[in-house]
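Asks: sequence-free structure coming up:
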């Protein structure tokens, strides 16, 4: 950038105005993208139509699309520009089972495309490369974690995305999470004629549930455990030979999560020991780390979203706004990143409710797409035109160990799908 502060100020003003105009110009296409994704929700690693819709709009506007990447069929990257400062914009597009886009990933994807289209027009002036990173399976499967491990985020100076929610939060807090499934195997028998011959896998699961319930009074601050029974038996007159449950373990930070996992695994083992069943614990998704939002980028986003007429929660209250968990946390632990929340008019609804899914295809959602796109574009402009911030981001990218700026193509990495690490214990009596 220029050494003349006045020239930098003029460039910032000009490029911001261009970005806003570009988003307005593409308003119809961006809203149609968000509504189209919402109408055809697809779950983790199966977002074939959704990823294609996002890729096609980017390709139509001159982005160089690479798909698939990182060994994941529904992951992609799309680049415009040749500048040395590589700005990453994450697009999510997976939905939830049964309730569709109740987390608003359709808005995330459309806002990401809007910001990218805007920045593409000013990339040469700013000396940046714009890279949209299509990241599948945020709800379950850890697409970003797998893509990080396989090089898809290499070379980025920063990464950002905007997530809809009931509140406007520029630097929200998330929890680290580990997804585990426990499976018990016993022996079937007639529940009335020969119960003594059975080894009851449902009892093993009950013992584990009771142990976890009792443990809750001793959990550390910020630790949470919640789960569902996914297989509880087939008929009441058959001693269940197989049962399973899925649990989410959360904690304020990764070290606390590891301590929690050790205690929960002991509860699982107690079920097997008490009943004589065998147990198998499967990690069904990569561990998500807690968010670590970059302060300067968060402040740049706050200035942008405030200028657009929105009212984010005060800085002092941000630490109290826990948004669940996200694999963007892993990205934020490796490179400067932000994950702000943009508010929808959703009444009393919150994310992961059917009512929130309805709000994600509404006039308020349409406004969030456009405002989120402009705010992210303006954040990137601030990063590119502030000499100190630009230098820090560039140096961070250069100093990151093993980062080459290249990303893996279709044939590299493991096959797509969630991580499944197993541990077995116990023995049938």
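Replies: Cool, the structure landed. On a predicted model such as this, the values are computed, not experimentally measured, just so you know.

Asks: any weak-confidence spans in the stretch 151-300 of the chain?
Replies: Within the stretch 151-300 of the chain, not a single segment meets pLDDT under 70.

Asks: now the helices for it?
Replies: Chain-ordered helices for the stretch 151-300 of the chain, with DSSP state H, counting those that start in this stretch as the definition, fall at 201-215, 254-275, 295-307.

Asks: which positions in the second one come out as buried?
Replies: What it means is helix 254-275. 254, 256-257, 260-261, 263-265, 267-275 (16 or more other Cβ atoms under 10 Å). (Each C-beta comes from the backbone N, C-alpha and C, glycine too.)

Asks: chain center to it, what's the gap?
Replies: 26 Å (Cα atoms, centre = their mean, to the nearest Å).

Asks: that one vs helix 201-215, what angle?
Replies: Helix 254-275 and helix 201-215 meet at an angle of 140 degrees, taking axes from the mean of the first three to the mean of the last three Cα atoms, to 10 degrees as the criterion.

Asks: re earlier: out of the helices of the stretch 151-300 of the chain, flag the one nearest residue 9.
Replies: helix 295-307 (14.3 Å; Cβ to Cβ).

Asks: and the closest one, what does it pack against?
Replies: strand 158-160, strand 337-338, helix 363-385, helix 387-399 (3 or more Cβ pairs under 8 Å, 6 or more residues apart in numbering; DSSP states H and E).

Asks: one more time with 6 Å
Replies: strand 337-338, helix 363-385 (3 or more Cβ pairs under 6 Å, 6 or more residues apart in numbering; DSSP states H and E).

Asks: just checking, residue 284 touches residue 181?
Replies: Yes. Contact status for residue 284 versus residue 181: in contact at 5.3 Å, counting by Cβ atoms under 6 Å.

Asks: low-confidence ranges, the stretch 301-429 of the chain, go.
Replies: Applying pLDDT under 70 to the stretch 301-429 of the chain flags residues 401-429.

Asks: switch the cut-off to 50
Replies: Scanning the stretch 301-429 of the chain with the threshold set as pLDDT under 50 gives 403-416, 418-421, 423, 425-429.

Asks: so residue 347 sits in a helix?
Replies: No. Assignment of residue 347 by DSSP: H, G, I helix; E, B strand; the rest coil gives coil, placing it outside any helix.

Asks: out of the helices and strands packed on helix 295-307, nearest to residue 31?
Replies: Nearest to residue 31, of the helices and strands packed on helix 295-307 and by Cβ to Cβ, is helix 363-385 at 4.8 Å.

Asks: buried set for stretch 21-37?
Replies: Buried residues in stretch 21-37 (16+ other Cβ under 10 Å): 22, 23, 26, 29, 30, 31, 33, 34, 35, 36, 37.

Asks: count the neighbours of residue 395 for me.
Replies: Other residues lying near residue 395 total 11 when counted by other Cβ atoms under 10 Å.

Asks: quick one: it from residue 82, how far?
Replies: As judged by Cβ to Cβ, to the nearest Å, residue 395 and residue 82 stand 20 Å apart.

Asks: over to residue 316?
Replies: 42 Å.

Asks: more crowded one of the two?
Replies: In terms of neighbours (other Cβ under 10 Å), residue 82 is the more surrounded of residue 316 and residue 82; the figures are 10 against 7.
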